[in-house]
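K.L.:
Requesting a structural model of the entry that follows:
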Amino acid sequence: MCCTPFQKYNKSTALTWRIAYMPCYALLIDLKMRFNFRIQDLEVRSCGKHLLSDGEHTRAEIVKWANDTDKKEYCWTVAYWNKGKEGYDLQFVGSRPFDVDGELFMKLAKQGQQMLDDAFNCA
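P.N.:
Purely as a prediction, here's the structure:
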């Protein structure tokens, strides 16, 4: 089943996300995913190797959104997940996670970790 798209809904946070899987090939099993979900000013989203939105999405990050003086929206990375042999590990960027809403950050971190664990275990 790991090679078919699925949608997951979490009742406790009312989050819905969709992950699209590319076909898995015999010896080369590489999960390709694109996703994002945002609550207030924090967002969990998939990204590429260098935390870029273009290219192949093989990792994920939590970003904080803000507005500059011209009301233009921008974001910065608060934390990101690295893929290792045993799964995905969440890495903080300095003390940034302590500068955002802690309860909301933990909700998104738990949801992101669960989604990445599901994807890792499927591959």
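K.L.:
What pairs with the lengthiest strand in the chain, parallel or antiparallel?
P.N.:
Identified as the longest strand of the chain according to DSSP state E is strand 73-84. Using DSSP bridges, the strands paired with strand 73-84 are strand 59-67 (antiparallel), strand 87-92 (antiparallel).
K.L.:
Name the residues of it that are buried.
P.N.:
Buried residues in strand 73-84, counted by 16 or more other C-beta atoms under 10 Å: C75, V78, A79, Y80, W81. Placement of C-beta: from N, CA and C, glycine included.
K.L.:
circling back to that earlier point, need the winner for burial among the strands paired with strand 73-84.
P.N.:
Mean neighbours per residue, mean count of other C-beta atoms under 10 Å, is largest over the strands paired with strand 73-84 for strand 59-67, with a mean of 18.
K.L.:
Export only the CA atoms of that strand, formatted as CSV.
P.N.:
Only the C-alpha atoms of strand 59-67 are listed here, as CSV (Å, rounded to 0.1, in the frame of the first residue of the first chain):
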residue,chain,number,x,y,z
ARG,A,59,12.6,16.3,4.3
ALA,A,60,10.2,18.7,6.2
GLU,A,61,10.4,21.9,8.3
ILE,A,62,8.4,24.0,10.6
VAL,A,63,8.4,27.7,9.6
LYS,A,64,7.0,30.9,11.3
TRP,A,65,5.2,33.4,9.1
ALA,A,66,5.3,37.2,9.8
ASN,A,67,4.7,40.4,7.9
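K.L.:
what's in contact with it?
P.N.:
Strand 59-67 is contacted from outside by 35, 38, 41-49, 51, 73-83, 88, 96, 100, 105, 108-109, 112, 115-116, using C-beta atoms under 8 Å, 6 or more residues apart in numbering.
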